[in-house]
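K.L.:
what's the 3D shape of this:
(one chain, ligands or ions: 1)
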Amino acid sequence: MNTENLKIRKIKGKIYLKTGLHIGGGTEGIEIGGIDNPVIKDPKTGYPYIPGSSLKGKVRSLLELNMDRFDKSEGEPCQCGKADCIICKVFGNTKKESKAGITRAIFRDAFLSNESIEILKKRNLSATEAKYENTINRITGKASNPRQSERVLAGLSFDFEISVRIFKEDGEGDEIIDILKKGLKLLESDALGGSGSRGYGKVEFKDLTLDGNPLS
Ligand SMILES: [Zn+2]
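P.N.:
The predicted model follows:
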């Protein structure tokens, strides 16, 4: 029994890139002739990372689509704030008189794993590659305006963590953990970041643990 008022449970694991990943960063500070569509990078290390907000937003939207729970008129996220809305409870909502309580899941930024950094150093590789994206002129059939887009190399992995706040009213929090697990599964069959329809951003969650134990 959970007798404390607040308990933190942790889901940890690795996000493994099965295909190249593009999560856009700002273009300011990019020199002329540089890549015009860069990925977001950690200013401290210069390595790409996956913002917790990107992960959270994607998982939330997939769950809402799957559970048919979102604002149908605007296509906006669910903000019903109802006490029994698992989406508003887990991911938060902006409703003033929300009954769903405090947002339960905190998605941390996911940084490049040490194993991946080792591999890059050993092989003297950059973590990203530049890829030309063309649009085909419909009349001439020729590719025009090639744009250089940056993506993180397939095969690299990131350490990720979700801190889950479990309150007394949530019991052991199994319902919350289950919905997050389902969200991660949905993401594996969808895509993270940009250009998913062109094959980017296929990910796999590896070595998942819950409070240090393998997450089944
Ligand atoms: Zn809701």
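K.L.:
tell me the spacing between the one residue sitting closest to the centre of the chain and the ion.
P.N.:
The centroid of the chain falls nearest to L55 when counting by C-alpha atoms, centre = their mean (1.8 Å). As judged by C-beta to the ion, to the nearest Å, L55 and the ion stand 20 Å apart. (C-beta placed from N, C-alpha, C; glycine too.)
K.L.:
cool, and L17?
P.N.:
31 Å.
K.L.:
who are the contact partners of that residue?
P.N.:
Neighbouring residues of L17 by C-beta atoms under 8 Å, 6 or more residues apart in numbering: 152-158, 201-203.
K.L.:
just to revisit the earlier point, nearest spatial neighbour of the residue nearest to the centre of the chain, chain-adjacent residues omitted?
P.N.:
F107 (5.0 Å; C-beta to C-beta, 6 or more residues apart in numbering).
K.L.:
again, but for L186
P.N.:
Per C-beta to C-beta, 6+ apart, closest to L186 is L62, 4.1 Å.
K.L.:
okay but the one you found is in contact with L187, surely?
P.N.:
Yes: using C-beta atoms under 8 Å, L62 is in contact with L187, at 6.1 Å.
K.L.:
okay, the two: which has more neighbours?
P.N.:
L187 (22 against 18; other C-beta atoms under 10 Å).
K.L.:
for the more buried one, give me phi and psi.
P.N.:
phi -70, psi -30 (degrees, to the nearest 10).
K.L.:
list the contacts of it.
P.N.:
So L187 contacts 58-59, 62, 203, 205 (C-beta under 8 Å, 6+ apart).
K.L.:
counting neighbours, which of the contacts of L17 comes out on top?
P.N.:
Busiest of these [other C-beta under 10 Å] is V152, holding 29 neighbours.
K.L.:
gap between the nearest residue to it once chain neighbours are set aside and the ion?
P.N.:
Nearest non-adjacent residue to V152, counting by C-beta to C-beta, 6+ apart: L21, 4.3 Å away. To the ion, L21 is 29 Å away according to C-beta to the ion.
K.L.:
now the helices for this structure?
P.N.:
52-66, 86-91, 114-123, 174-188 (DSSP state H).
K.L.:
and among those helices, the most buried is which?
P.N.:
Among those, the stretch with the highest mean neighbour count (mean count of other C-beta atoms under 10 Å) is helix 86-91, at a mean of 24.
K.L.:
and that helix, does that touch the ion?
P.N.:
Yes: applying C-beta under 5 Å from the ion, one finds helix 86-91 touching the ion at 87-88.
K.L.:
what is the neighbour count of the closest residue in space to E4 that isn't next to it in sequence?
P.N.:
Closest residue to E4 apart from its sequence neighbours, by C-beta to C-beta, 6+ apart: K168 at 7.4 Å. For K168, the count of nearby residues is 12 (other C-beta under 10 Å).
K.L.:
quick one, strands of the chain?
P.N.:
Secondary structure of the chain by DSSP state E: the strands cover 6-17, 49-50, 105-107, 110-112, 128-136, 143-152, 157-167, 203-210, 213-214.
K.L.:
if you compare these, which one is most tucked away?
P.N.:
Mean neighbour counts for the strands of the chain (mean count of other C-beta under 10 Å) peak at strand 49-50, with a mean of 24.
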